[in-house]
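1. Following is a predicted model, sequence given first.
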2 protein chains.
Amino acid sequence: MKSTEGEAFVMSARLAEISELVADLPLSRVMLANDARFPWLMLIPRRANMHELFDLSAAEQGTLMREITAVSRMLKELTKADKINVEAIGNATPQLHVHVVARYKTDSQWPNGVQWGNPQPYTEEKRQSFLAELRAGLRKLGL
Amino acid sequence: MKSTEGEAFVMSARLAEISELVADLPLSRVMLANDARFPWLMLIPRRANMHELFDLSAAEQGTLMREITAVSRMLKELTKADKINVEAIGNATPQLHVHVVARYKTDSQWPNGVQWGNPQPYTEEKRQSFLAELRAGLRKLGL
């Protein structure tokens, strides 16, 4: 365990570049990936120097699982998705982040996992309205 | 929550076809995917009718997270991997299963997530020796 609560969390520049802040949960920062092909959130535990799930303390792992499942359920209800995909990869961007992606049987990469590859940015109007819906959904979770 | 402990768990035929039993943990059945390109485990909660992580009860979610992180740490130490990837996708095979994959900067799909696609089966000797190492590693976890 190398959880370092004393050290400041600094958001990865790469993750910040491809996404926008939705809200902070007790442990995780929730970001919306700027890719309109899939409703795609990322949960980033606000702890320094985290790379693997097991780098978090046991308590933080439990909190993260509660946040992942609550956000997944909210996202599925909001988007009427066929499936939620949850992925902690981090090969290219080592800061621990968990993708929570709403998938449809009709989407362009079904049934494979999504790849960043060729994102399709949201229009400003769509992005703002989706962010507002997501923030309202997260507030209702009461985490 | 639709956890149905009274109903019998039946392993997906598709998952059984591509993998072999390593051992049962308190919640999850651990399977080794028959693909020598990557040391690739799957954790399958032994509960009926589970599709999404949030279909599990809160207690089961906590147990699953402990099993994922303990198995991930063991697999990383055993394989000297550069990164562990943890993925709950399940678009093609709906039974809830969590991939825990040891990745190397030199592997054929780095830095992307792995796809089943074109697996490379283990030799019988290699498969048996790896299964033995994995079973010993899991026993040491004391879960």
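-> Great, that's in hand.

2. Does chain B have contacts with the strand or helix carrying A:Gln128?
-> Here A:Gln128 sits within helix A:124-141, counting by DSSP states H and E. No - using CB under 8 Å from any CB of the partner chain, helix A:124-141 stays clear of chain B, with a minimum separation of 11.7 Å. Where you see a C-beta, it was placed from the backbone N, CA and C, and this is true even at glycine.

3. For the most centrally placed residue in chain A, pull up the helix or strand it's in.
-> Centroid-nearest residue in chain A: A:Met42, 1.4 Å away (criterion: CA atoms, centre = their mean). A:Met42 belongs to strand A:40-45 when elements are defined using DSSP H and E.

4. repeat for A:Leu96
-> Short version, using DSSP H and E: A:Leu96 is in no helix or strand.

5. before we move on, what SS does the nearest residue to it once chain neighbours are set aside have?
-> In this structure, A:Leu96 finds its nearest non-sequential neighbour in A:Met50, 3.9 Å apart by CB to CB, 6 or more residues apart in numbering or on different chains. Classification of A:Met50 using DSSP: H, G, I helix; E, B strand; the rest coil returns coil.

6. need the next SSE after the longest helix along chain A, C-terminal direction.
-> In chain A, taking DSSP state H as the definition, the longest helix is helix A:58-79. Proceeding N to C from helix A:58-79, the next assigned helix or strand is strand A:83-88, under DSSP H and E.

7. quick one, that following strand and helix B:58-79 angle?
-> 40 degrees (axes from the mean of the first three to the mean of the last three CA atoms, to 10 degrees).

8. close to chain B, is the helix or strand A:Val100 falls within?
-> Here A:Val100 sits within strand A:98-103, counting by DSSP H and E. Yes - applying CB under 8 Å from any CB, one finds that strand A:98-103 is in contact with chain B at A:Arg103.

9. Can you list the helices and strands that that strand packs against?
-> In terms of contacts (3 or more CB pairs under 8 Å, 6 or more residues apart in numbering or on different chains; DSSP states H and E), strand A:98-103 is packed against strand A:40-45, helix A:58-79, strand A:83-88.

10. Do I have it right that A:Ala92 meets B:Pro111?
-> Yes - assessed by CB atoms under 8 Å, A:Ala92 is found in contact with B:Pro111 at 4.0 Å.

11. higher neighbour count, those two?
-> Set side by side, A:Ala92 and B:Pro111 show more neighbours around B:Pro111, with 15 against 11, by other CB atoms under 10 Å in any protein chain shown.

12. For that one, which non-adjacent residue is spatially closest?
-> Nearest non-adjacent residue to B:Pro111 (CB to CB, 6+ apart): A:Asn91, at 3.5 Å.

13. Report the contact partners of that neighbour.
-> B:Asp82, B:Lys83, B:Asn85, B:Arg103, B:Trp110, B:Pro111, B:Asn112 (CB atoms under 8 Å, 6 or more residues apart in numbering or on different chains).

14. if we go to 7 Å?
-> Contact analysis of A:Asn91 by CB atoms under 7 Å, 6 or more residues apart in numbering or on different chains lists B:Lys83, B:Arg103, B:Trp110, B:Pro111.
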